[in-house]
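In: fold the stuff below for me.
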Amino acid sequence: MIYLKKVNLKKAIFIFILVYLASFTISKFFLNNTSNNIIYETNVIVSDHPGFDINTSAITFGMLAPEFAATRNLFIDSEENAQEVIIYVDRNFSNWLFSNKNEFIMQPNMRETVALTLEVPKDANIGEYSGEVKIKIKQIN
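Out: From the prediction side, this is the model:
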């Protein structure tokens, strides 16, 4: 025979509300603190003459001779909430590639232009170099 224990209705309602509020608070925290990570392949060919690369799926700088530089603009659009944006340059390019903005706050529904400038060192060997630009976008409440 199964015995059922009589449950106090007020206590059951209180526990239900407590569990509901806890799950709502936890889900709200995780949804609002999510971040979006975008990774762009980045490359340059060091050569004795300049050249172009019109690849639209990567941040490319074409062909550059040592001691030359090229700049590419990256456009970042914000969403309905303010966003914190952090830009990381892969170690392979950390001494070659510079951003005019590394960390900034975007207001809702705005567009920010970030200039990425690649400067080929004087002593760079001819060849192809690649790396990554990582962009972390975090929603702000």
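
In: can you map out the strands along this structure?
Out: Remark: strands assigned in the chain by DSSP state E are 35-46, 59-64, 69-77, 83-89, 97-99, 103-106, 111-119, 127-139.

In: contacts only, for residue 48.
Out: Going by C-beta atoms under 8 Å, 6 or more residues apart in numbering, residue 48 touches 65, 126. The C-beta positions use only the backbone N, C-alpha and C, and glycine is treated the same way.

In: state the distance from it to residue 76.
Out: 35 Å (C-beta to C-beta, to the nearest Å).

In: over to residue 69?
Out: With distances taken as C-beta to C-beta, residue 69 is found 22 Å from residue 76.

In: okay, those two: which has more neighbours?
Out: residue 76 (18 against 12; other C-beta atoms under 10 Å).

In: wait, the more buried one touches residue 135, no?
Out: Yes. Judged on C-beta atoms under 8 Å, residue 76 makes contact with residue 135 at a distance of 7.1 Å.

In: tell me which residues touch the residue nearest to residue 123 when sequence neighbours are not counted, please.
Out: Closest residue to residue 123 apart from its sequence neighbours, by C-beta to C-beta, 6 or more residues apart in numbering: residue 66 at 7.1 Å. The neighbourhood of residue 66, defined by C-beta under 8 Å, 6+ apart, consists of 46, 120-124.

In: buried among those? Make that a ChimeraX selection.
Out: In ChimeraX syntax, the buried subset of these is picked out as below (16 or more other C-beta atoms under 10 Å):
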select :46,120,124
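
In: low-confidence ranges in this structure?
Out: Where the chain drops to pLDDT under 70, the residues are 1-9, 11-12, 14, 16, 18-34, 50, 52-57.
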